[in-house]
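Colleague: I'd like to go over a predicted model; first the sequence, then the structure.
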Amino acid sequence: MNRSLVALLVLGLAPQALAQDAPERVVMTLADFTRLYDASKDPTKTPEKAPRDFALASARYVGDVVVEDGEAKSAVFKGLLKVNILKDEGWVRVPLLPTSVALRSAKVRGAEASVVLDGSTYTLITDQRGTFDVEVEFAVEVHNSAGNSGFSFQLVPSGGTEVELAVPSSEDLDFTVANARLQTDKVVGAKRVVNATLPATGSLAVSWQREVPVSEKHQEARTYAEVYTLVGVGDGLLTATTTIQHTILFAGVDVLRVDIPDGMTLLDVTGAGIREWTTDDKGDLTVNLNYAAEGSYPLTLRLEKLVGEGSLTVEAPLVRPLGVERAKGWVGVEARGNLEVHGGDATAASPVDVRSLPGSILGITSNPVLLGYKYLGNKSTIPLVVQQHEDVDVLVTLLDKAQATTMWTLDGRRLTSVAYQVRNNRRQFLRLNLPAGAELWSASVGGRAVQPARSSDGHVMIPLVRSQASGGSLSAFSVEVVYVEDGAKPSAKGAGHFAAQLPTADAPTTYVAWTVYAPGAAKIPAKSFGGTLRHVDWLSNPVPPAEMYEVQRDNISMNQAAQGITNNGGLGDGAAPVPVSLPIEGTPIYFEKLLVAGEALGVEFDYKGLK
């Protein structure tokens, strides 16, 4: 056979490959390949360090509870910790157990290990490498309380933790291992043994108690109720807001029933998880829940009843929980309006100080609670005697101050400006009765010119705005009118008699001050002063300055408050009257008066020296 063909067959090539070039190949042993691969590595590259100095691969604790005089005293454990040292060289510190336990021994490969206290931890100090086991023995105190025994201590984080605990007992025990992912218990001789697997971190907390066999008989639910009712009387209406605090024991309840007082209309029922509520012909309320409520469950009802106006006697509406073991309640009574409420002769209920009523009643109203009662059972009645009294009109508009200034000229003309400091809660107009023959020149409210109106009886009507709230009271604003009138001229000898009136307002005024400027040459005898205002040497101004505000065109809230007056031509944004400034010249003469309510305001005096 041809030698070339033999070579091709040896190399695994078909004869038809003769026409092609044979590829270059190298054949070497595995040892030669490994040597070449190691030689190809970069000798300058530093190996990556381990992320931690050590790792605790697993931990297993096996313990026995020591019992003395029939009571568990301590638990003695043997632990096996599998440690893997990852650091290449040097000493490594490995935490083993918390110092809350009593460490008996720690061994590595049968020899006592170097363990030191590091803060709150027993810590192993070692320079060994690789993986090895650490055997520890320690004891932990067992606490006993009300038939329950147990202990707990912090674990060192590990890859997996297993616990086995044996408790000497001739009775069945109910074990609880906190955060256990897998837990089993069994009987081994005269001991009860529990095995559990725990997560990597956390604490070992084990408790046990005598196991009580579960009764096969189903125990029915028992419900107790406390009823808190706030009764409101006023405006011909009797209202009640009632909270029923249920306490449900032994089993869950998904249906609640309540007896509603006769004549009361049930407005609303609120509570957690209510699917629906209905009332029957007898007035009983049935509430269906979408779950079985246990423990504490509050139910709130709102009721009302029309009782009419006037003095009458009504009965406090007391709702009665049905199907409960015991019910007790508290009642608070409040009056809404000018009503006087007294308690009648109550049945199976006792009056209490309203300050001792629960917060479930006092906390849901801002009105004073007048009467308080407590009762037990479902047979209580509380009559209420209601007396209605007529309302007394009170001030809704007050003029804190009226500051008047009059300029008196030699030809007898008088120009007067009166500035009122007003606090208004509800009134639409301030009505002024100007002196006879007076001509109104201008009027302003809050510094803004307004268009007054005249009523059918001749009064000038100044449109008002409502005072703004300020610190629990009403702020004041100014209302100013300027008018002119003719008076008597001085005689040829320069003598005469001055008599003038101020406008009469339909709202009371706390303080009126009037300054009359007479020509400088006028001489006024002191005994000639008269009128309803008292002549004084200077103005006392007893009314303290009030917080004033002005009506601005861009003040949206004030424009909205005055919109109704604006539509009638009061505070319009169209052609407003021209404000008039009062010139001041001459000798001032002062007059004042306190507490003015509807009476005429006038001054008069004699003068001479005005030739």
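Modeller: The structure has been received and is ready for your questions. Residues are numbered from 1 along each chain as shown.
Colleague: from the chain's centroid, how far away is the helix or strand hosting Pro298?
Modeller: Taking DSSP states H and E as the definition, Pro298 sits inside strand 284-306. Computed by Cα atoms, centre = their mean, to the nearest Å, the chain-centroid distance of strand 284-306 equals 25 Å.
Colleague: likewise for stretch 151-158?
Modeller: Offset of stretch 151-158 from its chain centre (Cα atoms, centre = their mean): 42 Å.
Colleague: what's the answer for stretch 175-186, then?
Modeller: In this view, stretch 175-186 has its centroid 43 Å away from the chain centroid, taken as Cα atoms, centre = their mean.
Colleague: same thing with stretch 99-114?
Modeller: When C-alpha coordinates are averaged (Cα atoms, centre = their mean), stretch 99-114 and its chain have centres 56 Å apart.
Colleague: can you map out the helices along the stretch 201-350 of the chain?
Modeller: Taking DSSP state H, counting those that start in this stretch as the test, none of the stretch 201-350 of the chain falls into helices.
Colleague: what's the answer for the stretch 1-150 of the chain, then?
Modeller: Going by DSSP H, counting those that start in this stretch, the stretch 1-150 of the chain shows helices at 3-10, 30-39.
Colleague: which stretch in these has the least confidence?
Modeller: Per-segment confidence across these bottoms out at helix 3-10, which has a mean of 43 in mean pLDDT.
Colleague: before we move on, back to that, now the strand holding Pro298: average pLDDT?
Modeller: Throughout strand 284-306, pLDDT has a mean value of 93.
Colleague: give the pairing partners of it; include direction for each.
Modeller: Strand partners for strand 284-306, identified by DSSP bridges, are recorded as strand 237-259 (antiparallel), strand 265-270 (antiparallel), strand 274-279 (antiparallel).
Colleague: okay, those in JSON lines with mean pLDDT next?
Modeller: Written out in JSON lines, the entries for the strands paired with strand 284-306 read as follows (pLDDT from 0 to 100):
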{"stretch": "strand 237-259", "mean pLDDT": "93"}
{"stretch": "strand 265-270", "mean pLDDT": "94"}
{"stretch": "strand 274-279", "mean pLDDT": "92"}
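Colleague: which one, of these, ends up nearest to Arg448?
Modeller: Distances from Arg448 to each of those were compared by Cβ to Cβ, and the smallest falls on strand 237-259, at 43.1 Å. The C-beta positions use only the backbone N, C-alpha and C, and glycine is treated the same way.
Colleague: for the stretch 501-611 of the chain, which spans come out with low pLDDT?
Modeller: Judged against pLDDT under 70, the low-scoring parts of the stretch 501-611 of the chain cover residues 545-582.
Colleague: the helices in it, which residues?
Modeller: Per DSSP H, counting those that start in this stretch, the stretch 501-611 of the chain carries helices over the ranges 556-561, 563-567.
Colleague: look up how far Asn425 lies from Asn367.
Modeller: When Cβ to Cβ, to the nearest Å is applied, the distance between Asn367 and Asn425 equals 21 Å.
Colleague: Ser528 now?
Modeller: For Ser528 relative to Asn425 (Cβ to Cβ), the value is 42 Å.
Colleague: same check on Thr121?
Modeller: When Cβ to Cβ is applied, the distance between Thr121 and Asn425 equals 74 Å.
Colleague: try Gly90
Modeller: Relative to Asn425, and taking Cβ to Cβ, Gly90 is found at 87 Å.
Colleague: quick one: which of these two has more around it?
Modeller: The residue with more neighbours, out of Gly90 and Asn425 and counting by other Cβ atoms under 10 Å, is Asn425; that gives 12 against 7.
Colleague: for the more buried one, which non-adjacent residue is closest in space?
Modeller: In space, not counting the residues next to it along the chain, Asn425 is nearest to Val396; the distance is 4.5 Å by Cβ to Cβ, 6 or more residues apart in numbering.
Colleague: what's near enough to touch the one you found?
Modeller: Remark: with contacts taken as Cβ atoms under 8 Å, 6 or more residues apart in numbering, Val396 is in contact with 424-427.
Colleague: before we move on, what about Glu220?
Modeller: With contacts defined as Cβ under 8 Å, 6+ apart, Glu220 is in contact with 250-251.
Colleague: try 10 Å this time
Modeller: In this structure, Glu220 makes contact with 249-251, 253, judged by Cβ atoms under 10 Å, 6 or more residues apart in numbering.
Colleague: what about Glu485, which helix or strand?
Modeller: Short version: Glu485 belongs to strand 477-486, going by DSSP H and E.
Colleague: quick one: that strand to chain centroid distance?
Modeller: Average the C-alpha atoms of strand 477-486, do the same for its chain, and the two points are 51 Å apart (Cα atoms, centre = their mean).
Colleague: same question for stretch 585-599.
Modeller: Centre-to-centre, stretch 585-599 and its host chain are 53 Å apart (Cα atoms, centre = their mean).
Colleague: contact partners for Gln245?
Modeller: The neighbours of Gln245, taking Cβ under 10 Å, 6+ apart as the test, are 224-228, 296-300, 321, 329, 358, 360.
Colleague: and the strands in the stretch 51-200 of the chain?
Modeller: 54-68, 71-85, 92-98, 102-108, 111-112, 115-118, 121-126, 130-141, 143-145, 148-154, 161-168, 173-177, 182-188, 191-198 (DSSP state E, counting those that start in this stretch).
Colleague: out of those, which gets nearest to Leu474?
Modeller: Where the strands of the stretch 51-200 of the chain are weighed against each other on Cβ to Cβ, the nearest is strand 143-145, at 65.0 Å.
Colleague: what number of residues lie near the residue lying closest to Ala251 once chain neighbours are set aside?
Modeller: Take Ala251 and drop its neighbours on the chain: the residue closest to it by Cβ to Cβ, 6+ apart is Ala221, 3.9 Å away. The local packing of Ala221 (other Cβ under 10 Å) involves 16 other residues.
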